[in-house]
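Asker: 3D model of this:
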Amino acid sequence: MTDLVHSPPKNKSRIELIDAARGFALVAMAIYHFAWDLEFFGYATPGMTAVGGWRIFARSIASSFLFLVGFSLFLAHVRGVRWRPFWWRMLQVGGAAVAITIVTYFATPDSFIFFGILHHIALASIVGLLFLRLPAVAIVVIAAGVIALPVLWRSDVFNAMALAWTGLAPVNPRSNDFVPLFPWFGAVLLGMATAQVARASGWTERAASKSLPGWTKPLQFAGQHSLVVYLLHQPILIGLIFLASLIVPPLAEEPRVGFQRACEAQCVETRDGAFCEAYCGCVVAQIDGDARAAEIYTGAPSQGTTAWLSDVAAQCSIATDMEMPGEAE
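Answerer: Residues are numbered from 1 along each chain as shown. This next block holds a predicted model:
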């Protein structure tokens, strides 16, 4: 199986620096996923990877991958779209994306991956072909618009699951890996613009003629087979942590504390930390004053309790917005 993004034509040498950069991004991704897995198994604080430095780290990793997608896409097809290898790679990436959706739907149905990084790469690679002939300046301007749009404008029209992939709904849907077209396609476009400038300046030819130190060979190898690495690293990490949990189980956490932390972790995906702390505090206070608290904290609420909890969440959301008007979206 080939690399996750597009390789240069066969009559051109690979740019080792690009392969190494892709490999480095894979290492960073594995580090983040390892932290996420520790959180999932109960070894780390719930919500840890969704806030602060971990959140920035995750976004940096996704941005670097998509930037490299755009960079490689331009170099691979600037002389003319090589349709046969293009569709072969799209079949691989698209097939892997569908497989991830199916697996995560059964593993985590409440937050399955319906438009993650692979889904985005497949779509962005197709849409990106439309920008191959544009000058770099125009691509940068369009990229800025793509990045800014979801900040400046969103609409309830995109709330339907069929349109959620755009990233323009007022609230992002729950998913363990959500990389919508807006704003993330902007990183792909910036990669294409950078590749165009690099090629025009002769940088790509100079880089292709240079070899990196031997210690980078593992990174280069991983970068050349990034799709395989991407698909295999999580099952391996999860398997290792699962085996470790059989020997040294994680410490049990008080259900109330775990519920509030999980609430805040989910909330910060769409709101700021101050709002989420106040909102989840309101929800927990309401639960503590009700006889159904044990039922909720044990994670097995009845249908009636679930409906009651939804009403509480709506009331607390309104109350928190009224208390913090400057933080409302």
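Asker: I'd say Thr305 and Glu295 touch.
Answerer: Yes - taking contacts as CB atoms under 8 Å, Thr305 lies within contact range of Glu295: 5.6 Å. For every residue, glycine as well, the C-beta is placed using N, CA and C.
Asker: for this protein, which segments count as helices?
Answerer: With helices called from DSSP state H, the chain shows them at 16-41, 52-77, 83-107, 117-128, 136-152, 181-200, 203-208, 217-224, 226-247, 255-267, 273-288, 293-297, 303-323.
Asker: pLDDT averaged over the first one - what is it?
Answerer: To tie it back to what came earlier, the one meant is helix 16-41. When pLDDT is averaged along helix 16-41, the result is 95.
Asker: that helix to helix 52-77, inter-axis angle?
Answerer: Helix 16-41 runs at 140 degrees relative to helix 52-77, counting by axes from the mean of the first three to the mean of the last three CA atoms, to 10 degrees.
Asker: relative to helix 181-200, how tilted is helix 16-41?
Answerer: Interaxial angle of helix 16-41 relative to helix 181-200 (the same axes, to 10 degrees): 160 degrees.
Asker: now for helix 16-41, which elements pack on it?
Answerer: Under the contact definition 3 or more CB pairs under 8 Å, 6 or more residues apart in numbering; DSSP states H and E, helix 16-41 sits against helix 52-77, helix 203-208, helix 217-224, helix 226-247.
Asker: try 7 Å this time
Answerer: The elements that helix 16-41 packs onto, with contact taken as 3 or more CB pairs under 7 Å, 6 or more residues apart in numbering; DSSP states H and E, are helix 52-77, helix 217-224, helix 226-247.
Asker: do the fifth one as well
Answerer: With contacts defined as 3+ CB pairs under 7 Å, 6+ apart, the secondary structure elements packing on helix 136-152 are helix 181-200.
Asker: and the angle for the helix it packs on with helix 117-128?
Answerer: 60 degrees.
Asker: who's in contact with helix 181-200?
Answerer: If you take CB atoms under 7 Å, 6 or more residues apart in numbering as the criterion, helix 181-200 is touched by 62-63, 66-71, 73-75, 78, 120, 123-124, 127-128, 131, 136, 139-140, 142-143, 146-147, 149-150, 165-168, 204.
Asker: kindly recompute the last result at 8 Å.
Answerer: Outside helix 181-200, the residues that touch it by CB atoms under 8 Å, 6 or more residues apart in numbering are 62-63, 66-75, 78, 120, 123-124, 127-128, 131-132, 135-137, 139-140, 142-144, 146-151, 165-168, 204, 207.
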